[in-house]
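Visitor: quick one, what's the 3D model for this:
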Amino acid sequence: MSTIAHALVSALSMAFGMGWEILWPLILGFALSGVVQAVVTKAEMSRLMPDSSPRSIVIASALGAASSSCSYAAVALARSLFRKGADFVAAMAFQFASTNLVLELGIILAVLIGWQFVAAEFAGGLIMIALLTVMLRAVMTPELIADARRQADRGRVGRMEGHAAMDMSVGGEGSILARIASPKGFTAMSHFFVMDWASVWIDIALGLLIARALAAWVPKEFWQAFFLYADPVGSKIVGPLIGPIVAIVSFVCSVGNVPLAAVLWNGGISSGGVIAFLFADLIVLPILDIYRRYYGLRITLLLLGVLYAAMAGAAYMVELIFGVAGLVPQQHSAQIVEPHITWNYTTWLNVIFLFLAALLVWRFLKTGRPAMLRMMNKPAPAEAHRHS
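Guide: Numbering: from 1, shown residues only. Down below sits the predicted model:
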């Protein structure tokens, strides 16, 4: 076998090993997300985000955390909410929370890098939403918001438009627990579970492959020099600035960038750099192109600048707070697994959660919803938009 072919096979096998390690957290995260989404109706979301007041931002963040973790679906849904009358700043807070404050992201971070990064991700996420709100309120003049709305109402197609437009949640009377336990609730949960998997599996697979390729082919010395690992102060300064740039050119969105974050952490990037890298899934090149289609070039450049400044600022603050509290791990030792499967707790958990996944997929298929998968990337149906 040639050297190149051997390297490719090695990268694929190692990517499978890492995928096997995070399989049960992914299934658990998407199942819990499906439960939450099943009782939160999209029809009510725009009504709950009429302005950029602290109350609306908190509600937008909570609704975002309860939504899909697919970056493309989050961006499409944020535009849909904006077109229906939601405040632009609140829609951006929703968009960020739906990709960075979701359960599955935290679970995978805990498995691959450690619980400290879960705490840093969520604490930093709240800080970033606050910074994002303040900065967008300062720069988004009424004229710019009106321009963004005119561009949004043109209805140019991005990605996952159909997925963002679907509302499969269970409304009506009864408590949340009663709705979840009902047959309709279980059906809705299965729909969200399958649709979320279908929307992010490519990003997850791409993230695993790139992570293993970087871990196998890029010398650790390169990363350490790139991130100024030998300079404790310099590494903390450049980490939050370089992390988003690496994310922008990686093309990987959503939870797919967690394996890459693990490789960067092992390579010597600062903890703040890891957090900034994770936050940057909403400014990768494909997403920037979608912003251009949705809101125009001027708003896209403004969003890029504000998001970059907010994520870097939040990463600096988290690094400082967690450093003072002694919560930053001293060893750069994320879990980059070897390409083999053994009968350990991970395998048993995978077997259990694969059974749960099979049950949800069976329910999805039984209720005649495979056609929904074909609609995910199609343009959303015409909507009646309410402007505030």
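Visitor: Gly125 is in contact with Ser98, isn't it?
Guide: No: assessed by Cβ atoms under 8 Å, Gly125 is found out of contact with Ser98, at 10.9 Å. (Each C-beta comes from the backbone N, C-alpha and C, glycine too.)
Visitor: list the buried residues for the helix or strand containing Phe364?
Guide: Using DSSP states H and E, Phe364 maps to helix 345-366. Across helix 345-366, burial judged by 16 or more other Cβ atoms under 10 Å covers 346, 350, 353, 357, 360, 363-364.
Visitor: do the same with stretch 293-304
Guide: 293-296, 299-300, 302-304.
Visitor: again with stretch 225-236
Guide: Quick answer for stretch 225-236 (16+ other Cβ under 10 Å): 226-229, 235-236.
Visitor: show me what contacts Gln95?
Guide: Going by Cβ atoms under 8 Å, 6 or more residues apart in numbering, Gln95 touches 64, 74-75, 77-78, 282.
Visitor: drop anything exposed from those.
Guide: 64, 74-75, 77-78, 282.
Visitor: identify the farthest-apart pair in these.
Guide: Across these, the longest distance by Cβ to Cβ is 12.7 Å; it joins Leu77 and Leu282.
Visitor: would you format the buried residues of helix 345-366 as JSON lines with distance to Gly268 and pLDDT included?
Guide: Below are the buried residues of helix 345-366 laid out as JSON lines (distance: Cβ to Cβ, whole Å; pLDDT from 0 to 100):
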{"residue": "Thr346", "distance to Gly268": "27", "pLDDT": "77"}
{"residue": "Asn350", "distance to Gly268": "31", "pLDDT": "88"}
{"residue": "Phe353", "distance to Gly268": "33", "pLDDT": "90"}
{"residue": "Ala357", "distance to Gly268": "36", "pLDDT": "92"}
{"residue": "Leu360", "distance to Gly268": "40", "pLDDT": "91"}
{"residue": "Arg363", "distance to Gly268": "45", "pLDDT": "90"}
{"residue": "Phe364", "distance to Gly268": "43", "pLDDT": "88"}
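Visitor: can you list those residues in CSV and add distance to Asp51?
Guide: As requested, the buried residues of helix 345-366 are arranged in CSV below (distance: Cβ to Cβ, whole Å):
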residue, distance to Asp51
Thr346, 46
Asn350, 45
Phe353, 41
Ala357, 40
Leu360, 37
Arg363, 39
Phe364, 37
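Visitor: of those, closest to Leu105?
Guide: Nearest to Leu105 among these is Phe353, at 16.9 Å by Cβ to Cβ.
Visitor: residues in contact with that closest one?
Guide: Counting by Cβ under 8 Å, 6+ apart, Phe353 has contacts 23-24, 27-28, 31.
Visitor: coming back round to it: Ala276: which of the buried residues of helix 345-366 is nearest?
Guide: Thr346 (29.3 Å).
Visitor: and Arg212, how far is that from Ile127?
Guide: 32 Å (Cβ to Cβ, to the nearest Å).
Visitor: which of the helices or strands spans Ile245?
Guide: Using DSSP H and E, the element containing Ile245 is helix 232-250.
Visitor: can I get the helix or strand just after that helix in PDB, CA atoms only?
Guide: Proceeding N to C from helix 232-250, the next assigned helix or strand is helix 257-267, under DSSP H and E. What follows is helix 257-267, C-alpha atoms only, in PDB (Å, rounded to 0.1, in the frame of the first residue of the first chain):
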ATOM      1  CA  ASN A 257     -15.800  21.600  15.400                       C
ATOM      2  CA  VAL A 258     -15.400  20.000  18.900                       C
ATOM      3  CA  PRO A 259     -13.000  17.300  17.700                       C
ATOM      4  CA  LEU A 260     -11.000  20.000  16.000                       C
ATOM      5  CA  ALA A 261     -11.000  22.000  19.200                       C
ATOM      6  CA  ALA A 262      -9.600  18.900  21.000                       C
ATOM      7  CA  VAL A 263      -6.700  18.700  18.500                       C
ATOM      8  CA  LEU A 264      -6.000  22.500  18.900                       C
ATOM      9  CA  TRP A 265      -6.000  22.100  22.600                       C
ATOM     10  CA  ASN A 266      -3.500  19.300  22.500                       C
ATOM     11  CA  GLY A 267      -1.400  21.400  20.100                       C
END
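Visitor: direction-wise, compare helix 257-267 with helix 232-250 and give the angle.
Guide: Angle, helix 257-267 to helix 232-250, by axes from the mean of the first three to the mean of the last three Cα atoms, to 10 degrees: 150 degrees.
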